[in-house]
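Chemist: Have a look at this prediction, sequence included:
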Amino acid sequence: MTLSLDDIARAPKALLHDHLDGGLRPQTIIELAAEIGHALPATDAQALGEWFVAAADSGSLERYLATFSHTVAVMQTAESLRRVAAECAVDLAADGVVYAEVRYAPEQHLVGGLTLPQVVEAVQAGFAQGSAEAATAGRPIRVGTLLTAMRHAARSMEIAELAITYRDHGVVGFDIAGAEAGYPPTRHLDAFEYLQRENYHFTIHAGEAFGLPSIWQAIQWCGADRLGHGVRIVDDIGPDGSLGRLAAYVRDKRIPLELCPSSNVQTGAATSIARHPIKLLRDLRFRVTVNTDNRLMSGTSMSREMALLSEAFGWGWGELQWFTINAMKSAFIPFDERLAIINDIIKPAYAKLV
Ligand SMILES: O=c1[nH]cnc2c1ncn2[C@@H]1O[C@H](CO)[C@@H](O)[C@H]1O
Ligand SMILES: [Zn+2]
């Protein structure tokens, strides 16, 4: 049985890996760009959406990331950040996402003169507004924010401190992102050690464009709670399914993998959805979660990612519920709040569907 996109959209879903600057509506980019005179590769919403997907479909993470220059350019004022964040919450909720952790890099939004705290407050105001609108429309969503530091830059300690400052105001974790090859996680060890001393949560983009050494550093040197992608952990799994020491550690410790199928195909981390290692990793019972990464660059949604997997592997409600509960168990909000979403929202909804 394969599930249709409409069926999946009605089921509750949890999303741990979604970039705010990778999920703008094309029409919003056009309107914000017009206000500031930023030139775009297309000026019609449909064409612009297609341009992002085609340009990101590059086989390389570096070329994929180049497309963000257009989204980041239009997110340099408090008003534009608020609008983008509000629309993000509304769009995720309309797709049936009940819990989302959305990330962005505050250091990339200072060109218009905002300070780091002003950036965070504008985004938080947007998430609050969008969540309130979604609740009014009958699609409640909870959005937690992750603050990302760019791994090629040198502001991770500052961003880690910013995350701690806003930990009781909706910021639930920290991350590093950007080009992976040449920028190992240990470059930011001081930031990760600081966050551990603060009893805080963080994920690290690792094992996407670079392999096992990046994953090993993220976990064993930096202490990551989760892996952003982590898909190349399969390099430590033999053809007979035997696990190397690192893969065994990741599975034994139930370290969540934030897998992003469409994004991985675009950057060359996987050759196709049908051959995506998510099948093997699920069969081996790793703590697998399904994510969007960048809805704009992949022309996707949480429901679409699930529908692609359902089509490729014949997965039904049972698997969809498993991924959703895996994600919810792995969220960075407090345990009792995770449990409440699982028991009060997710399980009753799937009990009706299965
Ligand atoms: O899959 C990814 N791998 C690494 N970096 C990424 C990915 N997607 C987005 N970003 C980077 O994260 C920044 C903050 O959101 C984005 O501007 C982009 O440069
Ligand atoms: Zn990402």
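Modeler: That came in fine, so what should we check first? Ligands and ions are numbered 1, 2, ... in the order given.
Chemist: For the residue nearest the centre of the chain, grab phi and psi.
Modeler: What sits nearest the mean C-alpha location of the chain, by C-alpha atoms, centre = their mean, is H17, with 1.5 Å. Per-residue torsions, H17: phi -130, psi 100 (degrees, to the nearest 10).
Chemist: That one reaches N291, doesn't it?
Modeler: Yes - with contact defined as C-beta atoms under 8 Å, H17 counts as touching N291 (3.7 Å). Yep, even glycine has a C-beta here, placed from its N, CA and C like the rest.
Chemist: Can you pull the residues that touch both of the two?
Modeler: Contact with both H17 and N291 is made by residues E258, C260, according to C-beta atoms under 8 Å, 6 or more residues apart in numbering.
Chemist: What residues does the nearest residue to A153 once chain neighbours are set aside make contact with?
Modeler: Closest residue in space to A153, ignoring its immediate chain neighbours: E107 at 6.4 Å, by C-beta to C-beta, 6 or more residues apart in numbering. By C-beta under 8 Å, 6+ apart, the contact list for E107 reads L116, A149, M150, A153, R155, E158, I159.
Chemist: okay, now T77: neighbour count?
Modeler: 20 (other C-beta atoms under 10 Å).
Chemist: before we move on, what about L227?
Modeler: By the criterion of other C-beta under 10 Å, L227 has 27 neighbours.
Chemist: among the contacts of E107, who's most crowded?
Modeler: Ranked by neighbour count (other C-beta under 10 Å), the contacts of E107 have A149 at the top, with 26 neighbours.
Chemist: what residues are up against it?
Modeler: By C-beta under 8 Å, 6+ apart, the neighbours of A149 are 105, 107, 155-156, 158-160, 174-177, 188, 191.
Chemist: Mind listing the residues bridging to it?
Modeler: I176 (DSSP bridges).
Chemist: What pLDDT does the model give I36?
Modeler: Looking at I36, its pLDDT is 98.
Chemist: meant to ask about P140, not that
Modeler: What the model reports for P140 is a pLDDT of 98.
Chemist: The one 10 residues further on too?
Modeler: Here the pLDDT value assigned to M150 is 98.
Chemist: got it, and M1?
Modeler: At M1, pLDDT is 72.
Chemist: I'd guessed it sits against G316; true?
Modeler: Yes - counting by C-beta under 8 Å, M1 touches G316, with 4.9 Å between them.
Chemist: neighbour count winner among the two?
Modeler: More crowded of M1 and G316, by other C-beta under 10 Å: G316, with 15 against 7.
Chemist: burial of P334, as a residue count?
Modeler: With other C-beta under 10 Å as criterion, P334 counts 10.
Chemist: mind starting the numbering at 433 from now?
Modeler: Got it, the first residue is 433 from now on, which makes the last one we talked about P766.
Chemist: residues touching D527, list them.
Modeler: By C-beta under 8 Å, 6+ apart, the neighbours of D527 are A441, K445, S733, M734, S735.
Chemist: number of nearby residues for the third one?
Modeler: This points to S733. Neighbours of S733 using other C-beta under 10 Å come to 23.
Chemist: Can you tell me how far it is from A680?
Modeler: Separation of S733 from A680 (C-beta to C-beta, to the nearest Å): 34 Å.
Chemist: The last one now?
Modeler: Counting by C-beta to C-beta, the separation of S735 from A680 is 33 Å.
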